[in-house]
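S.K.: okay, sequence plus prediction incoming.
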Amino acid sequence: MSGVSLRSRLRLRGLRARHLVLAIRVAAAAAIAVFALSTPGFTSPLSINALLNAISFIGCVAVGMTFITLTGNIMSLCLGATVSASALVFLASLSLGVLPAFGVAIAFGIVVTAAQGALVGYIRANPILVSIAGLSLLLGGAAFATGGQRIYPGGEGLQVFKGRFAGIPIEALYFFATVVVGQLVLSFTRIGRDMVMVGSNLRAATAAGVDTAAAITMAYVIAGACSAVSGVLLAARYGSGDMELGSGYDYTAIAAVLVGGTAIQGGAGSVVRTLLGVTAIAIIEVVLLLRGFSQQLQYLVTGLIVLAVIMLHTLGERR
Amino acid sequence: MPILAIEGATKRFGPNEVLRNVTLSLDAQEIRAICGENGAGKSTLVKIITGVHSADGGRIVIDGQPVEVRNPQHAQELGIALVAQELSLAPALSVLDNIWLGNREVPLFHRRRALRERAQAALQKVGLGDLPLETPVSQLSIGRRQLVELARMLTRDARVFILDEPTATLSDVEIERIFAALRTLKAEGKSIIYITHRLGEVFQVCDSVTVLRNGELVGTRRTDEIDRAKLMEMMLGRALGEMYPRWDSNPGAPMLEVSNLGVPPLVQGFHLTAPRGAVVCLAGQVGSGAIEVLRALAGLAHNASGEVRVAGQAMPLRSVASARTAKVQFISEDRAGEGVFLRLRVGANLVATQLADHSRFGVLSRHGLRAAAAKLAAAVGVDRTRLRSQADELSGGNQQKLAFGRSLGRDDAGVLLMNEPTRGVDVGARAEIYRLIRQFCDRGYCLVMASSDIEEVLGMADVIVSMYRGRQIAVYRRGEADMQRVLADITHPAAA
């Protein structure tokens, strides 16, 4: 036909859309690297620290989000609120000691998201709507419990969660540990493989005898645990907390997941990809900051990047 | 001058060339059948003509003018109308509203007398003159909905009507009404492309027939020049017999015993005894209940009831897990929807059901999985070098082999349920799948397959169970039935 499309022309030469997408990704990564290294002060210890801090808090949430996206449930709008709420729970239970408080906060995060995961997995409720309901409940519950006040508890031993170890911010170590554990679960465990199969094709997974509801619930459990880690780190850093602490994290986390190249339909992706995604976004933000652009512009740029990635994905998936 | 010509149409999906240099031309007042096996390229050809897919090569000529069909709406503007299997009517709206829905001629307030009269006239032509215009479409049978769809296209001045297997789900009376409507349209000067897998209809209603095979044009003949046997030979590309492996039917002890199986609302009182080492075919059309029986046995029907025993052990229904414990596996006809994980690798697809066997405390043994995948690939004839490819790069036939491989147990044989195992699989790969099925027999599996393809049923079955509207009509042993018998059973059984 006269109007042979660009895509089919590429295919005629043995090139596939998938390869094209990969090439664009590599080019984009190279561009970001050049952009960053040519920015004065980017390699200074100060800005590297800022970078590590920026990726640690969001990064934990993004690792959790990866599991939700992978199982085909797109994203949760509740993870940011889960971060804040677990921070509050952590601070409120500090009187029990730091480690028990850590455990309570993680358990809280897991319970909150596991309930949502069970709704999505067992009765096939719409994941976005469930997460919006969860968000509302958390905000309402927190307002009721704290009376809308910021809480400042006294507590000793918070240095386990802040400061440095061997020159590296401790937050970053927790984040890297989350990435490693997340990727191990995904690659080397049965439940991880089940999650990928569920996300790739729910009906085929059902027919193959996978316990799809359990796999989906487990993905939410992991997301809750990761968000709670982020909440504890934030609480330790600021020594106080309110529900604003993690707000907006869900959006940046899903941006990192998508920029990393995990498929929004589920079934393809990895935690390591999300690490790359979150790093790319953080580098761009730090560079914009160093070059003196305003915070508003950073939001704009993040939005544009996510939009570009989604369009790139659509191109790669289409035949 | 032909009203519509397709010249050298070519289409690829990834590495698969699904249509190769296909040329055909259609005259005014011609009813043209397009025949070919599943996967021959019929649907792809239609999608190119109607602008759903853009071709990778070739062109479309309408009234002597080369055109580029940009999208389905543009196809309609060019006078090409498609009546698809999944109809595009809005069930809650009236017949009148449906006829004018989306039509650009319609002004904001559309209950004009002229519109009513034109709708009425169009309905008259398709034999629905007595149908009140206010009837909601949801109250009409599928056959009548198809006629409404034809009327709708008539009001849009379509000149070429494309019908994609319109009779697949219809009763004989309704089929006759469709034929009558097509003859009227033809007398009006319209042209019709009629896609069907029922060879009888080709000779009943069509002037000519174009045969596709493996995406290539085999040829176009006038229907008064050829007979059924010749047409079948064109479609298959060889004499019939070679397709199916030679096999001495030697059924073993009963393996699967089903009594009084019910799957509301369709199936009730279904009984079956399937022996080890044999193929049992449930022959029936859409709506016969054969598929529902298989899905119930696989644990995929949530409302099934009845008694099922596998190798003497009772198997609870309504649970995939308990079916799998009883070594009952299901291979879906809907590979993309339910069979294959298209975005996963070939190897991961093969071992999807064996993760429990290759993990300790939930941690997978990568080595064990790799070895298992290689072994399964060898067993079903998938090239080992492709284990790391993504599953969607494989052809339909190879994807089907993945589904078979996944069902192979590690040790002893079980029951394999297959729904239309060769749907969308090209002829060569089909013969391979049939050989594979026989290999499963040799291993002692009990195979139960649902099929609407009578040749396949006669070629493969050791036991044939014919079904019609949820009921069993008859049970035949190999050699007891012929095509006429089975065809009569599944279309209009004497006892119905």
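M.R.: Noted; the coordinates are in hand.

S.K.: residues in the stretch 1-150 of chain B within reach of chain A, list them.
M.R.: B:12-14, B:54-60, B:66, B:68, B:70 (C-beta under 8 Å from any C-beta of the partner chain). Using the backbone N, CA and C atoms, a C-beta is placed for each residue, glycine as well.

S.K.: how about the contacts made by the closest residue to B:Gln313 other than its chain neighbours?
M.R.: Nearest residue to B:Gln313 in three dimensions, chain neighbours excluded: B:Ala326, at 6.5 Å (C-beta to C-beta, 6 or more residues apart in numbering or on different chains). Neighbouring residues of B:Ala326 by C-beta atoms under 8 Å, 6 or more residues apart in numbering or on different chains: B:Val310, B:Ala311, B:Gln313, B:Met315, B:Gly414, B:Val415.

S.K.: now B:Glu30: how far from B:Val209?
M.R.: Plainly put, B:Glu30 is 11 Å away from B:Val209 if you go by C-beta to C-beta, to the nearest Å.

S.K.: to clarify, my last question referred to A:Asn49.
M.R.: 75 Å.

S.K.: neighbour count for these two, which is higher?
M.R.: B:Val209 (25 against 15; other C-beta atoms under 10 Å in any protein chain shown).

S.K.: A strand includes that one, no?
M.R.: Yes. B:Val209 forms part of a strand when assessed by DSSP: H, G, I helix; E, B strand; the rest coil.

S.K.: ok, the residue nearest to it when sequence neighbours are not counted - contacts?
M.R.: Nearest non-adjacent residue to B:Val209, counting by C-beta to C-beta, 6+ apart: B:Ala33, 4.2 Å away. Counting by C-beta under 8 Å, 6+ apart, B:Ala33 makes contact with B:Tyr194, B:Ile195, B:Thr196, B:Glu201, B:Val202, B:Cys206, B:Ser208, B:Val209, B:Thr210, B:Thr223.

S.K.: what about 10 Å?
M.R.: Applying C-beta atoms under 10 Å, 6 or more residues apart in numbering or on different chains to B:Ala33 gives the contacts B:192-196, B:198-199, B:201-211, B:220-221, B:223, B:231.

S.K.: show me where the stretch 1-150 of chain B has helices.
M.R.: Under the criterion DSSP state H, counting those that start in this stretch, the stretch 1-150 of chain B contains helices at B:42-49, B:72-77, B:95-100, B:113-125, B:142-155.

S.K.: where does the prediction get shaky in chain A?
M.R.: A:1-18, A:154-156, A:316-319 (pLDDT under 70).

S.K.: strands of that one, start to end?
M.R.: A:164-165, A:168-169 (DSSP state E).

S.K.: and B:Glu333, how close does it get to chain A?
M.R.: 11 Å (C-beta to the nearest C-beta, to the nearest Å).

S.K.: mind putting the strands of chain A into CSV with mean neighbour count and distance to chain B?
M.R.: Output for the strands of chain A, formatted as CSV (neighbours: other C-beta atoms under 10 Å in any protein chain shown; distance: least, C-beta to the nearest C-beta, whole Å):
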stretch, mean neighbour count, distance to chain B
strand A:164-165, 11, 29
strand A:168-169, 16, 29
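
S.K.: which residues does B:Arg345 contact?
M.R.: Contacts of B:Arg345 by C-beta under 10 Å, 6+ apart are B:Ala373, B:Arg386, B:Leu387, B:Arg388, B:Ser389, B:Gln390, B:Ala391, B:Glu393.

S.K.: hmm, back to that, now render the strands of chain A as TSV, adding distance to A:Ser230.
M.R.: What follows is the strands of chain A, written out as TSV (distance: least, C-beta to C-beta, whole Å):
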stretch	distance to A:Ser230
strand A:164-165	18
strand A:168-169	14
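
S.K.: three-state assignment of B:Ala413?
M.R.: Strictly by three-state DSSP, B:Ala413 counts as coil.

S.K.: hang on, A:Ala263 packs against A:Thr69?
M.R.: Yes. A:Ala263 is within contact range of A:Thr69, at 7.8 Å (criterion: C-beta atoms under 10 Å).

S.K.: with neighbour numbers in mind, choose between these two.
M.R.: A:Thr69 (31 against 19).

S.K.: wait, the more buried one sits on A:Ser76?
M.R.: Yes. Assessed by C-beta under 10 Å, A:Thr69 is found in contact with A:Ser76 at 9.3 Å.

S.K.: need the overlap of contacts for the two.
M.R.: By C-beta under 10 Å, 6+ apart, the residues touching both A:Thr69 and A:Ser76 are A:Pro127, A:Ala219, A:Ala223, A:Ala253, A:Ile254.

S.K.: my guess is the last one contacts A:Val61. True?
M.R.: Spelled out, that is A:Ile254. Yes. Under the criterion of C-beta under 10 Å, A:Ile254 makes contact with A:Val61 at 9.4 Å.

S.K.: follow-up on the earlier one: what is in contact with A:Ala263 and A:Thr69 at once?
M.R.: A:Gly199, A:Val257, A:Gly269.

S.K.: would JSON lines of the residues you listed with distance to B:Phe161 be doable?
M.R.: What follows is the shared contacts of A:Ala263 and A:Thr69, written out as JSON lines (distance: C-beta to C-beta, whole Å):
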{"residue": "A:Gly199", "distance to B:Phe161": "41"}
{"residue": "A:Val257", "distance to B:Phe161": "47"}
{"residue": "A:Gly269", "distance to B:Phe161": "45"}
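
S.K.: between those, which is nearest chain B?
M.R.: Chain B lies nearest to A:Gly199 out of those, by C-beta to the nearest C-beta, at 8.5 Å.

S.K.: now the closest one. Nearest residue, chain neighbours left out?
M.R.: Closest residue to A:Gly199 apart from its sequence neighbours, by C-beta to C-beta, 6+ apart: A:Gly266 at 2.9 Å.
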